[in-house]
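Undergrad: fold the stuff below for me.
(chains A and B)
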Amino acid sequence: MSNRPFAITLKPGTSLSNLTGTWRNERPVYVDRLPPCNNACPAGENIQGWLFHAESGDYQQAWRVLVENNPLPAVMGRVCYHPCETACNRGLLDESVGINSVERFLGDEAIKRGWKFDRPALVSGKRVLVVGAGPSGLSAAYHLARMGHQVEIQEAGPFAGGMMRFGIPKYRLPREVLDAEVQRILDMGVVLKLNTKVENIEQSMQGFDAAFLAVGAHIAKRAYIPAGDAAHIVDAVSVLRSMEGEDKPMLGRRVVVYGGGNTAIDVARTAKRLGAQEAIIVYRRSREKMPAHDFEVEEALQEGVLIKWLSTIKHADEGSLTVEKMLLDEKGVPQATGEFETMEADSLVLALGQDVDLSLLNGVSGLEIKDGTVQVAVNMMTGHAGIFAGGDMVPSERTVTVAVGHGKKAARHIDAWLKGTAHQPEAKHEIASFDKLNPWYYSDADKTVRPMLDTIRRQTTFDEVQGGLDENTALFEARRCLSCGNCFECDNCYGVCPDNAVIKLGPGKGFEFNYDYCKGCGICMTECPCGAIKMVPEET
Amino acid sequence: MLKQIEGSKAVAEAIGLCRPEVICAYPISPQTHIVEALGEMVKSGELTPCEFINVESEFAAMSVAIGASAAGARAYTATASQGLLFMAEAVYNASGLGLPIVMTVANRAIGAPINIWNDHSDSLSQRDSGWMQLFAETNQEAVDLHIQAFRLAEELSMPIMVCMDGFILTHAFERVDIPSQQQVDAYLPPFEPRQVLDPAEPVSIGAMVGPEAFMEVRYLAHAKQMQALELIPQLAAEFKERFNRDSGGLVRTYCIEDAETVIIAMGSVLGTIKDTVDEMRAEGHKIGVLGIISYRPFPLEQVRRALLSCRRFLVLEKSLAVGMGGIVATDVRMAVTGAGLKGYTAIAGLGGRPILKSSLHALFRRAQAEALPPVTFLDLDWDVVNKQLARERTTRRSGPVAENILYDKGIVSAKFG
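TA: Model prediction:
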């Protein structure tokens, strides 16, 4: 060094002798936060996890990560009300990621390519009885089979699917899609016995080590409506159920549906497709108060379904109904006005909700029944040891997705119970809320709109209303994911660190901080687009 | 070759003759004509090989010059006023790193209020930056000083500002003798950097140095400027030999041998002062002139020797240390410490205020009579100042000073109605 300017020209790396990390009073740490989509999914899907693989076009791997939690992606990609998209942080930026449409694409791709579930690696020797082949029962059967248990499903009806078949119309869920996904579960070795109604669970359980009950809620609720002898009154559940049989229901040219839930919408749209000139929903409150999902209401209106708001049916006669106008009071409760009118109607369909057929539980000790549903503990077990329950027959929001989630959750607890242990779910990470992100770094990308069938075809056929994405649009949509809360190796921290204190560990391995030189300035945290860095105080 | 030429153009030609390899510049009056002319020379191929880099600011200009110089290129830039202030951090870095960059400062006042005309407050604000500062009296000297500056900078490996009065010199057309390329090549050898960057042997330049070595680095910069005190007269002497002209050096005296009163100044105002002194000499006054060419390093010894035989001196400077008085005067007083001389300071020509011979006559006579206060503000409009002071005493919201003064002088109404 003697021939160089004193203290001006130094050996390379001499500044490394200054351990500037000692100046720090806060340190950045890489964290994994829970993406809002994952947090919102009733089926507990690792949405961000499977989107990650879809983003690189590895659809099979994406599908495999998806089905770790949910064996019915093609169904789910059609019928789920996707609370994930409601929670999606991208919704605060432009529009939420079309998670549901990518899920459907993966599900359809799996059917098209014939992807199969892996056979279980081990065999436990335990036998589990699943009662009901609806979404909850199928989900439980799938997960239990994956864990190596021998599963038999006993289903009262002639087909598997439960409400997915007997409640959701074909134009929302084509039956070949449902059949394909059910068959894939059965291919794992799950035994399905159709037309096998369990009358007494304790008897049927003999020879099984545990049982999971998921019989659904198939009994239509009745409201007392004074009616003339010739009035044609049916319930929505039987109308939708009979759509699956040989004899289609005869509803006439003017069909009135009574109720405001999704089932009321489904049955009105079905009536329209069956040839009704008018399908009118009568609902006692306003559109804002309607429990049906708004997009379904919108689709029904597009198809020509009429809705009579703020009305109750007082009397039914042959060919006509008497309707009373209602007025919402300050609390939003409909109050009678005493104003009546008459509507022409060939038939009245009641869509007022469903009850559970609990007869199979008669005489079972330890059970608690409340408000027509079976009470279960946090581990999904009823008051009777070894009998677990889920889906519509336990207190919950009655959707396919919730049912699938119940099936998975119950399977995990059943597995633990069979081993004589208890399943402890991992503690949830902190949620990657929008304020944790720095969205400036994401490029603009509008949501991909799924194709919709022409209205005229929707009014006359049961063809599927909503189309799917193709490979290009699915890839684009997957890449809209912000990766909230989890590092996707964008290199921002690596680039912005003024102290070169971010060490790159290589593709797929992320980064670590060099705390010898990190001054704790927090620029990495501020500039991390996805909120995967957190500042924590140094201990003093 | 004798030319009737604009000062800026003459300097540009001189820089061209010095064969710079990197010129980086950002325009600011009154320096712009110099780099514009150089840009044309590079573009036309007249000056080659040379990289002319348009930068986005003065900070970038100096930063690019630092990089170029560190890489072993002869680097040049030019600036003035706010531009010099904006590059200040890099100015200090250039000297701290010992990089022999030559920069023309076309001296201009510093705002606010914004003012594009000449005084010396810009380069004097960088007095302690570690750069050498040479002040040109004429455009001929500006040309000659630039040629000497590259030689001086590169021998010491320290940067130099060549200061020339904005507009008064830069925009004045006058007779300048532009030397030939052969003459300049013979005087100024190719740049031999003190260190060469070599990718095979990497180094860090300008990394952090702690208390254990920082002071030594600073002392070494000081030691180099002390060496420059010896080198500058040698280079001027050699220059005279080759070019047959007196240019540069540390100081220049005029009619000083029997002078009882000596006027001290820097830059182009020396011309006006000499004319005034000629007239006073004709009337029998024993008055002389000491021009300071090298402001940094400051030639304490030469100044002291030049003044020891006089009785009193007056430093006339185009700069003001607000709250103190003269800037150059302070250094001069330091030089004659203990000599028992009467010393006066006159602040003159700030923001381009003309320095008139008539005013100088009156000022010098009062100096001779020892009737001056320690600090005089030449041709200050006391009416205007007193009005504003009165306004501020009586009214809290007295309004903007510059506007008030323009109004008092009747300029605002004339200009803006």
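Undergrad: what lines up beside the lengthiest strand in chain A in the sheet?
TA: The longest strand of chain A (DSSP state E) is strand A:334-344. For strand A:334-344, the paired strands and their directions (DSSP bridges) are strand A:320-328 (antiparallel).
Undergrad: ok, residues contacting the partner strand?
TA: A:256, A:282, A:284-286, A:289, A:308, A:310-316, A:334-345, A:348 (CB atoms under 8 Å, 6 or more residues apart in numbering or on different chains). The C-beta positions use only the backbone N, C-alpha and C, and glycine is treated the same way.
Undergrad: what do you get if the cut-off is 7 Å, keeping everything else the same?
TA: A:256, A:282, A:284-286, A:310-315, A:334-337, A:339-345, A:348 (CB atoms under 7 Å, 6 or more residues apart in numbering or on different chains).
Undergrad: so which residue is smack in the middle of the chain?
TA: No chain in the question, so chain A it is. The centre of chain A sits closest to residue A:401, judged by CA atoms, centre = their mean, with a distance of 3.5 Å.
Undergrad: not quite, go with chain B.
TA: Geometric middle of chain B (CA atoms, centre = their mean) lands on residue B:163, at 3.0 Å.
Undergrad: filter the contacts of strand A:320-328 to the buried ones?
TA: If you count burial by 16 or more other CB atoms under 10 Å in any protein chain shown, the buried members of the contacts of strand A:320-328 come out as A:256, A:282, A:284-285, A:310-313, A:315, A:334, A:343, A:345, A:348.
Undergrad: still on that earlier bit, tell me the contacts of the residue nearest to the centre of chain A?
TA: A:42-43, A:76, A:80.
Undergrad: that older thread, so who does the residue nearest to the centre of chain B touch?
TA: B:105, B:107, B:123, B:133-136, B:267.
Undergrad: who in the stretch 1-150 of chain B is up against chain A?
TA: With CB under 7 Å from any CB of the partner chain as the criterion, the stretch 1-150 of chain B meets chain A at residues B:97-98.
Undergrad: all helices for the stretch 1-150 of chain B, in order.
TA: B:7-17, B:32-44, B:58-70, B:81-86, B:88-96, B:121-125, B:139-156 (DSSP state H, counting those that start in this stretch).
Undergrad: quick one: closest of those helices to residue A:7.
TA: Residue A:7 sits nearest to helix B:88-96 of all these, at 10.0 Å, using CB to CB.
Undergrad: local confidence estimate at the residue of chain B at minimum distance from chain A?
TA: Of all residues in chain B, residue B:213 sits closest to chain A, at 4.1 Å by CB to the nearest CB. pLDDT recorded at residue B:213 is 91.
Undergrad: same thing with residue A:259?
TA: For residue A:259, the predicted pLDDT is 94.
Undergrad: who's in contact with the residue nearest to it when sequence neighbours are not counted?
TA: Nearest residue to residue A:259, sequence neighbours excluded (CB to CB, 6 or more residues apart in numbering or on different chains): residue A:351, at 3.4 Å. Going by CB under 7 Å, 6+ apart, residue A:351 touches A:236, A:257-259, A:261, A:263-264, A:267.
Undergrad: and for the closest residue to chain B within the stretch 301-450 of chain A, the neighbour number?
TA: Of the stretch 301-450 of chain A, the residue with the smallest distance to chain B, taken as CB to the nearest CB, is residue A:440 at 23.5 Å. When neighbours are counted by other CB atoms under 10 Å in any protein chain shown, residue A:440 registers 7.
Undergrad: quick one, phi/psi of it?
TA: phi -50, psi -30 (degrees, to the nearest 10).
Undergrad: show me where the stretch 101-250 of chain B has strands.
TA: B:102-107, B:132-135, B:160-165, B:173-177, B:204-205 (DSSP state E, counting those that start in this stretch).
Undergrad: give me the buried positions along the second one.
TA: This points to strand B:132-135. B:132-135.
Undergrad: the first one too?
TA: By neighbour count on 16+ other CB under 10 Å, the buried set for strand B:102-107 is B:102-107.
Undergrad: what is the nearest of these to residue A:178?
TA: Using CB to CB, those come closest to residue A:178 at residue B:103, 80.6 Å.
Undergrad: so what's the closest one up against?
TA: So residue B:103 contacts B:77-79, B:159, B:161 (CB under 7 Å, 6+ apart).
Undergrad: need the longest helix for the chain.
TA: I went with chain A, as the question did not name one. Assignment by DSSP state H gives helix A:400-418 as the longest helix of chain A.
Undergrad: actually chain B
TA: Longest helix in chain B, counting by DSSP H: helix B:214-243.
Undergrad: which strands or helices does that helix pack on?
TA: Under the contact criterion of 3 or more CB pairs under 7 Å, 6 or more residues apart in numbering or on different chains; DSSP states H and E, helix B:214-243 touches helix B:139-156, helix B:181-187.
Undergrad: tell me which of those is the most buried.
TA: helix B:139-156 (a mean of 25; mean count of other CB atoms under 10 Å in any protein chain shown).
Undergrad: any idea how far the longest helix of chain A is from the chain center?
TA: 14 Å (CA atoms, centre = their mean, to the nearest Å).
Undergrad: what is the rounded mean pLDDT of the helix or strand following that helix?
TA: Counting by DSSP states H and E, the element after helix A:400-418 in chain order, helix or strand, is helix A:455-460. Helix A:455-460 shows a mean pLDDT of 86.
Undergrad: picking that back up, can you list the buried ones among the contacts of strand A:320-328 in a markdown table and add secondary structure?
TA: Shown next, in a markdown table, are the buried ones among the contacts of strand A:320-328 (DSSP: H, G, I helix; E, B strand; the rest coil):
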| residue | secondary structure |
| --- | --- |
| A:256 | strand |
| A:282 | strand |
| A:284 | coil |
| A:285 | coil |
| A:310 | coil |
| A:311 | strand |
| A:312 | strand |
| A:313 | strand |
| A:315 | strand |
| A:334 | strand |
| A:343 | strand |
| A:345 | coil |
| A:348 | strand |
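Undergrad: now, which of the residues you listed sits nearest residue B:47?
TA: residue A:285 (86.2 Å).
Undergrad: distance of that closest one from chain B?
TA: 65 Å (CB to the nearest CB, to the nearest Å).
Undergrad: from what I can see that residue touches residue A:331, true?
TA: No: Residue A:285 is beyond contact range of residue A:331, at 11.7 Å (criterion: CB atoms under 7 Å).
Undergrad: report pLDDT for the residue nearest to residue A:259.
TA: Residue A:351 is given a pLDDT of 94.
Undergrad: one more: residue B:40?
TA: So residue B:40 comes in at 97 (pLDDT).
Undergrad: sorry, back to before: want to try TSV for the contacts of residue B:163, with pLDDT as columns?
TA: Shown next, in TSV, are the contacts of residue B:163 (pLDDT from 0 to 100):
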residue	pLDDT
B:105	98
B:107	98
B:123	98
B:133	98
B:134	98
B:135	98
B:136	98
B:267	98
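Undergrad: re earlier: reformat the contacts of residue A:401 as a markdown table; add neighbour count.
TA: Formatted as a markdown table, the contacts of residue A:401 follow (neighbours: other CB atoms under 10 Å in any protein chain shown):
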| residue | neighbour count |
| --- | --- |
| A:42 | 20 |
| A:43 | 27 |
| A:76 | 25 |
| A:80 | 26 |
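Undergrad: how about those, which pair is most distant?
TA: A:42 and A:76 (10.3 Å).
Undergrad: in stretch B:69-85, what's buried?
TA: B:69-70, B:73-85.
Undergrad: sorry, slip of the keys, the one I care about is stretch A:316-334.
TA: Applying 16+ other CB under 10 Å to stretch A:316-334 flags A:316, A:319-326, A:328, A:334 as buried.
Undergrad: same question for stretch B:362-371.
TA: For stretch B:362-371, the neighbour count (16+ other CB under 10 Å) marks B:363-368 as buried.
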